[in-house]
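Trainee: here is my input; please provide its structure:
(8 chains)
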Protein chains: 8
Amino acid sequence: MRDKTNPIVGIIMGSASDAPTMRKSSSLLDELAIPWEMKIISAHRTPQRAHDYVTTAADRGLKVIIAAAGMAAHLAGVTAAHTHLPVLGVPMEGKLMGGLDALLATVQMPKGIPVATFTVGSHGAVNAALFAAAILALSDTATRDRLLDYRRKQTESISEEPPGE
Amino acid sequence: MRDKTNPIVGIIMGSASDAPTMRKSSSLLDELAIPWEMKIISAHRTPQRAHDYVTTAADRGLKVIIAAAGMAAHLAGVTAAHTHLPVLGVPMEGKLMGGLDALLATVQMPKGIPVATFTVGSHGAVNAALFAAAILALSDTATRDRLLDYRRKQTESISEEPPGE
Amino acid sequence: MRDKTNPIVGIIMGSASDAPTMRKSSSLLDELAIPWEMKIISAHRTPQRAHDYVTTAADRGLKVIIAAAGMAAHLAGVTAAHTHLPVLGVPMEGKLMGGLDALLATVQMPKGIPVATFTVGSHGAVNAALFAAAILALSDTATRDRLLDYRRKQTESISEEPPGE
Amino acid sequence: MRDKTNPIVGIIMGSASDAPTMRKSSSLLDELAIPWEMKIISAHRTPQRAHDYVTTAADRGLKVIIAAAGMAAHLAGVTAAHTHLPVLGVPMEGKLMGGLDALLATVQMPKGIPVATFTVGSHGAVNAALFAAAILALSDTATRDRLLDYRRKQTESISEEPPGE
Amino acid sequence: MRDKTNPIVGIIMGSASDAPTMRKSSSLLDELAIPWEMKIISAHRTPQRAHDYVTTAADRGLKVIIAAAGMAAHLAGVTAAHTHLPVLGVPMEGKLMGGLDALLATVQMPKGIPVATFTVGSHGAVNAALFAAAILALSDTATRDRLLDYRRKQTESISEEPPGE
Amino acid sequence: MRDKTNPIVGIIMGSASDAPTMRKSSSLLDELAIPWEMKIISAHRTPQRAHDYVTTAADRGLKVIIAAAGMAAHLAGVTAAHTHLPVLGVPMEGKLMGGLDALLATVQMPKGIPVATFTVGSHGAVNAALFAAAILALSDTATRDRLLDYRRKQTESISEEPPGE
Amino acid sequence: MRDKTNPIVGIIMGSASDAPTMRKSSSLLDELAIPWEMKIISAHRTPQRAHDYVTTAADRGLKVIIAAAGMAAHLAGVTAAHTHLPVLGVPMEGKLMGGLDALLATVQMPKGIPVATFTVGSHGAVNAALFAAAILALSDTATRDRLLDYRRKQTESISEEPPGE
Amino acid sequence: MRDKTNPIVGIIMGSASDAPTMRKSSSLLDELAIPWEMKIISAHRTPQRAHDYVTTAADRGLKVIIAAAGMAAHLAGVTAAHTHLPVLGVPMEGKLMGGLDALLATVQMPKGIPVATFTVGSHGAVNAALFAAAILALSDTATRDRLLDYRRKQTESISEEPPGE
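Mentor: From the prediction side, this is the model:
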């Protein structure tokens, strides 16, 4: 289902160790038939790569960028500084207060450069992908139908009876 | 410039006291020629109004909803629970740790129901409006051009010389 | 001892994973001969179920509702918005600061819609059940006697001598 | 409307400086025709007074106790230790993290001695009074009708239109 | 060395589960030949025992009381409310922010009723015992000499060379 | 009443700006007829003065040292490192989380070097002085009687009736 | 004393509103006869300016860069990503927990790209300048002598007597 | 490569248990051919050793001191108080909020005595060593070349492709 040649969602992350978490994003995009690509790009250790990736993103057909980083999580902010595309930030977990530092470093952007922030870790990775789908669904009815279907199944899958009853 | 009859961005807030802050959102949308509407809707004190507003939002032509609330800020979450439209959450300032409670209550959504969260207070209000514009720009070149123009002017407006030099 | 046909305490929780913790509530209610029921209801993923459950609660004979949820814990607040019955909130543990986010999202309700909040996790589950009993004891002497008996035994069970002496 | 001779709600607080905040509780009880009394009782500076007040509370006809305190807020906990009546805790604001210390000291009770905790400051004072009314409404239809009426008016009083429109 | 019949330091704790930590206090007192006693006393679950223990402490010959408790740690405060003896508080570790709640509930006493607070957990248990010795050393030269000897050995025991060199 | 020539309590603080707060300590000591001295000593900016003051303290007749400092509050710790006398730490208020940084820097001492910590600001200054009196009262019946008298008056001074009744 | 044509310390900040705080840095550098320059450079709103400034810094003769920013303070990190020069970060105060967010965003850099972080606000601005001097003093004896002189005067300026004695 | 007889970087730490973390600093210095020495020095338990080490550091040829400590981390501050050399502080992890207490105790220095602070734990140990190299590189081209080489290899070592692709 995934179309590597024409991705419309770019998933980038600051470290290879973030990949297992961010596979939650790509799996969900696969489920909704949204083509994506995934790259390791460090705002601090590969700043030129970050610059090149982001400034060419719109022209290469990307419509949404999901950026994941931990600690002083600058990747989403750097991305948002170089593009007008919607940038979704996913803070990674850390030792200092369970990822609160990454959450604050992602969400506390200055006026003028927004980053849409989601919760810390794998829940945030899933929700960022769902949110990307919600954006794309505004101009693509097939995506909207798949998203509505996903939401309906999600609601139905939650049994009212607690386990062990 | 604002077109009250065909708003595409809905701005809702939990209390009338949030209105001065959220006027930052509507002013920016005016600047980018994006029609909006603004309502007071409390997730807790007017839950039926919240339900009715959100479930009819897509059919009424809204494409993005900006929801602002403070403290145990449930409004954005309740909104996201009832629609597939992108929901942008703006936490309001409070006395307990400067709004950190509202920030956490907005961003810490469970897996499956995303809320795109922005920073606390008026900076968040501005950035949520800019992010709404970024979403709309994906399928509307006029909005994209106005957004790019806004970003360019913003960059140019920042003098390199510190004041008083 | 539990009477499934006439529950007077409703225990609801946002996720099946909360059930082991909330069994602490139901076990204590059993010990005090207070009939209860337990349901999985997500404020965000099954909002209609939440609405239906809460708005019919008083008519079905429920007198107290215990609502447990984690992270941006909205379930207790949503419940309190739709009923005049006493709503007791139990925050679930989480990774971000050990459940402090859920505690704040439960307790920081706006003026007008109270949620009585207890401590995070299984201690809170026990205490919410004891508090439900305290409420019911006001108009039921059998419950009051059982509660006083429980409290007396609890006091007596605490040996003054530390273990290993 | 207030009946000093037969109060059924006791409002106690750790310091005279808490009185202006706790008048929000008594005003609301007046509005719902629920008789109350108010006392200054410090868990630390007048421990005997605390003991005497709480241990005689049920026999004097009190049904609910609202206890307010700041900082290392022990008053609600001490109260709950000496009575089986429902104890509602209202943390007072402070300088250290805006009252978070009082909130934690009130809510983090050990297993076996519950304190129903509400939000910090005057919002908590109002909500504790409303919650006391919800408890009393379970066995008093006049109180229930007044509470439902209060809730209905509260919902109606929230204009959908933001100020200044 | 420990003289059970004439303890001068009382070590009390809110739960039997605190005993392993507080054995660090008693071991150190043994090392300094200071007689002690240890009791489980819950401020909330055995309030009468707490009252009786503390109000008779001075007459029974106790000179210092070390009180350990977790969460909404009231034991040290309740103790200080009922005696003029120096009360040393040791917060126990917990899940919510690693014991910060217990630390704040112990240290944030109102003006007029001091509790000398030490760090969370076993380090605090050791330091409270050392501090008790420092108090007793003011009027007992044998204790002072043992304390000075302990401090000197402690300094000497710290090798300047890191392990593995 | 204050006897400058034979102080037994030393009050030291990191900055002249702490003096108004620490006058609360000296005033209380005056009230209890305990002679004191007060000095500005910075652990960081006047380390030699700190060393000289503390290492000569016991020989000069001091029995207790109260040390106040803000931010990375090292003064109490440095003092405790150089003396076996009881050291009482009073954290000063600051901008970062209302003094929580100073509280943690004072209380979180390593195993072996205790600092008895009190609450932030003027309440802590009063309580540290009362605690110094409690220590001195162990071997001085006149001080004990004055302390008991102070405590009794404090209890009596708290009116049961809230203001404005 | 300031030599605008050959600055060796660059002071950059994210917003013109940071200038009054950062004048504390430049004043101190003037006092130590260290030439500096000051620029407004936003990591997010003027990313190209940031890139150009930092990548040319070493060749233009700069030896140390002081970077100040608030909230999701990325400026120091972006600077460190593009140069091998020592980068000193000064977090600016903010509403959310008094600048703790900026402190964490500055100090929590990933392994490999260090930012030397100082305390929040004007104290940090002074200390960053003093630290820059300490670096330069390693290879310039005139600067070292001025720094030692500054430190000596600082120590002497702190009167041992508290004000008002 | 390490030259024990002429170290120019001193690595000190408050406890032998910090050594495994601080070996990350020394390994990196070895990689950059910068000679170092490592000592256990406790600000509180071996204050004389701390004084002697620091006051002789410059004369013994040290140019930079890296100081690591946990909890109420005073070591870096004590070091900075006694020398004009650049002092780099590395907070160690702890139980209370993951090392945030040590971070605040290290970074929150008073005006006039700077400590350059790095992130908590082993990442901070690596970055402090890299920062020491950056300082030394200002006056030693061989070190500068090795540092630039290290940075270049670091950038190249980060594969753009996520693992498992």
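Trainee: against G:Ile113, how distant is A:Thr46?
Mentor: 11 Å (Cβ to Cβ, to the nearest Å). (Glycine included, C-beta is placed from N, CA and C.)
Trainee: try A:Gly112
Mentor: In terms of Cβ to Cβ, A:Gly112 sits 25 Å off from G:Ile113.
Trainee: between these two, point out the one with more neighbours.
Mentor: Remark: of A:Gly112 and G:Ile113, G:Ile113 carries more neighbours, 25 against 21, as counted by other Cβ atoms under 10 Å in any protein chain shown.
Trainee: any chance you could map the strands in chain A?
Mentor: A:9-13, A:36-40, A:64-69, A:87-91, A:116-117 (DSSP state E).
Trainee: looking at those, which is closest to F:Asp149?
Mentor: With respect to F:Asp149, and counting by Cβ to Cβ, the nearest of the strands of chain A is strand A:87-91 at 56.9 Å.
Trainee: tell me which strands that closest one pairs with, and in which orientation.
Mentor: strand A:64-69 (parallel), strand A:116-117 (parallel) (DSSP bridges).
Trainee: off-centre distance for the shortest one?
Mentor: The one in question is strand A:116-117. From the chain centre to the centre of strand A:116-117 is a distance of 9 Å (Cα atoms, centre = their mean, to the nearest Å).
Trainee: report the mean confidence score over that strand.
Mentor: Computed over strand A:116-117, the mean pLDDT rounds to 98.
Trainee: for chain A, which spans come out with low pLDDT?
Mentor: Residue ranges of chain A with pLDDT under 70: A:1-4, A:165.
Trainee: closest residue of it to chain C?
Mentor: Closest approach between chain A and chain C, counting by Cβ to the nearest Cβ: A:Pro162, at 4.1 Å.
Trainee: please name the nearest non-neighbouring residue to that residue.
Mentor: Leaving aside its chain neighbours, A:Pro162 sits nearest to C:Ala19 (4.1 Å; criterion: Cβ to Cβ, 6 or more residues apart in numbering or on different chains).
Trainee: what do you get for A:Met71?
Mentor: G:Gln108 (3.9 Å).
Trainee: for the one you found, grab the count of nearby residues.
Mentor: G:Gln108: 27 neighbours (other Cβ under 10 Å).
Trainee: contacting residues around it?
Mentor: When contacts are counted by Cβ atoms under 8 Å, 6 or more residues apart in numbering or on different chains, G:Gln108 touches A:Met71, A:Ala72, A:Gly94, A:Leu96, A:Asp101, A:Ala102, A:Ala105, H:Thr119.
Trainee: wait, A:Ile12 touches A:Ile66, no?
Mentor: Yes. With contact defined as Cβ atoms under 8 Å, A:Ile12 counts as touching A:Ile66 (7.3 Å).
Trainee: look up the closest residue to A:Gly77, ignoring the ones flanking it.
Mentor: Per Cβ to Cβ, 6+ apart, closest to A:Gly77 is G:His74, 5.2 Å.
Trainee: same question, A:Val9
Mentor: A:Trp36 (4.3 Å).
Trainee: number of residues surrounding that neighbour?
Mentor: Neighbours of A:Trp36 (other Cβ under 10 Å): 22.
Trainee: same check, this time on the one 3 residues further on
Mentor: Other residues near A:Lys39 come to 17 when the count uses other Cβ under 10 Å.
Trainee: for A:Pro91, which residues are in contact?
Mentor: For A:Pro91, counting by Cβ under 8 Å, 6+ apart, the contacting residues are A:68-70, A:73, A:99, A:102-103, A:105-107, A:117-121, A:124.
Trainee: out of those residues, who's the most crowded?
Mentor: Counting by other Cβ under 10 Å, top hit in these: A:Thr106 with 36 neighbours.
Trainee: contact partners for that residue?
Mentor: A:Ala69, A:Ala73, A:Ala76, A:Gly77, A:Gly89, A:Val90, A:Pro91, A:Val115, A:Thr117, G:Ala72.
Trainee: chain E versus the first one, what's the distance?
Mentor: When you say that, I think you mean A:Ala69. 24 Å (Cβ to the nearest Cβ, to the nearest Å).
Trainee: related to what we said a few turns ago, closest one to G:Asp59 out of the contacts of A:Thr106, please.
Mentor: A:Gly77 (27.1 Å).
Trainee: now do the same contact list for the residue in chain A that chain E sits nearest to.
Mentor: Chain A approaches chain E most closely through A:Met97 (8.0 Å), counting by Cβ to the nearest Cβ. By Cβ under 8 Å, 6+ apart, the contact list for A:Met97 reads C:Leu96, C:Met97, H:Met97, H:Gly98, H:Leu100.
Trainee: contact partners for the last one?
Mentor: In other words, H:Leu100. A:Leu96, A:Met97, H:Val120 are the contacts of H:Leu100 under Cβ under 8 Å, 6+ apart.
Trainee: isn't the last one right up against A:Lys95?
Mentor: In other words, H:Val120. Yes. Applying Cβ under 8 Å, one finds H:Val120 in contact with A:Lys95, separated by 7.0 Å.
Trainee: spit out the residues that contact those two alike.
Mentor: H:Glu93, H:Gly98, H:Gly99.
Trainee: quick one, what contacts the second one?
Mentor: Pointing back at H:Gly98 there. H:Gly98 touches A:Lys95, A:Leu96, A:Met97, A:Gly98, E:Gly98, H:Val120, counting by Cβ under 8 Å, 6+ apart.
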